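Novice: output the structure for:
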Amino acid sequence: MDGPSQDFAGYTFQVTDIDSEPESVFADVDVSRGDRSIDTARPGVVLINGQVRAEVDVLRTLTEDVYLVYHNASSAGDVTTVNMTFKVLPLMNVLWLGMVLMWLGLIIRMVAEPMARRRRQALAGTSARRRR
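Specialist: All right, here's what the predicted structure looks like:
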C-alpha cells in the first residue's frame, strides 16, 4: 500500500503499510529528505486495559528530532485515509549535551568540594600547630 506522500518541514512522509491487529494498529512510514531516505518510522496505537495509548516514533538526526504520532485510519472503498501528526524539534541533541554537561559539572562539584574541605582543614590544622 504505497499511498500519496506528504511534505512537512523539508521531510517527505509516505505511508507504505498499515499493520492492524485486534489490539493494535501500526503504520509503516518512509521518511525522506530530498532524494535521501532517512528511515522507516512505525508509529501506532495500542489498546491496553480498555485504554488507547499512542506509540510515538522518533527519528533522531544530528540537528533535530522528528516525531510521528499515529491517530487513526479510515477506509472508504479503495481509499485509506491516515491521520497523523508530524513534529520537528530542532537542536534536541544540543539540549541533551547541555544536560550531560550540567550533570558532569554537578558530579565534579560534589567530588571536588569534600576534597577542598579536607585540604582547608589540614592547612588550618598545620597553621594552628605552628602558632603554639
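
Novice: which SSE is the residue nearest the centre of the chain in?
Specialist: Nearest to the mean C-alpha position of the chain, by CA atoms, centre = their mean, lies Val58 at 5.5 Å. Taking DSSP states H and E as the criterion, Val58 maps to strand 57-60.

Novice: show me what that strand is packed up against.
Specialist: strand 36-41, strand 64-76 (3 or more CB pairs under 8 Å, 6 or more residues apart in numbering; DSSP states H and E). For glycine as for every other residue, the C-beta is placed from the backbone atoms N, C-alpha and C.

Novice: got those strands as a markdown table, with mean neighbour count, mean pLDDT and distance to Pro22 columns?
Specialist: Listed next are the helices and strands packed on strand 57-60 as a markdown table, based on neighbours: other CB atoms under 10 Å; pLDDT from 0 to 100; distance: least, CB to CB, whole Å:
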| stretch | mean neighbour count | mean pLDDT | distance to Pro22 |
| --- | --- | --- | --- |
| strand 36-41 | 14 | 94 | 23 |
| strand 64-76 | 15 | 89 | 15 |
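
Novice: figure out which of those is closest to Ala54.
Specialist: With CB to CB as the measure, strand 64-76 is the member of the helices and strands packed on strand 57-60 nearest Ala54 (5.7 Å).

Novice: what's next to the helix or strand following that closest one, contact-wise?
Specialist: Note on strand 64-76: by DSSP H and E, the next helix or strand toward the C-terminus is strand 79-90. The contact list for strand 79-90, computed with CB atoms under 8 Å, 6 or more residues apart in numbering, reads 1, 3, 6, 8-9, 11, 13, 15, 18, 27, 29, 43, 63-75.

Novice: low pLDDT regions in this structure?
Specialist: Applying pLDDT under 70 to the chain flags residues 1, 126-132.

Novice: how does it look with 50?
Specialist: The chain contains no residues with pLDDT under 50.
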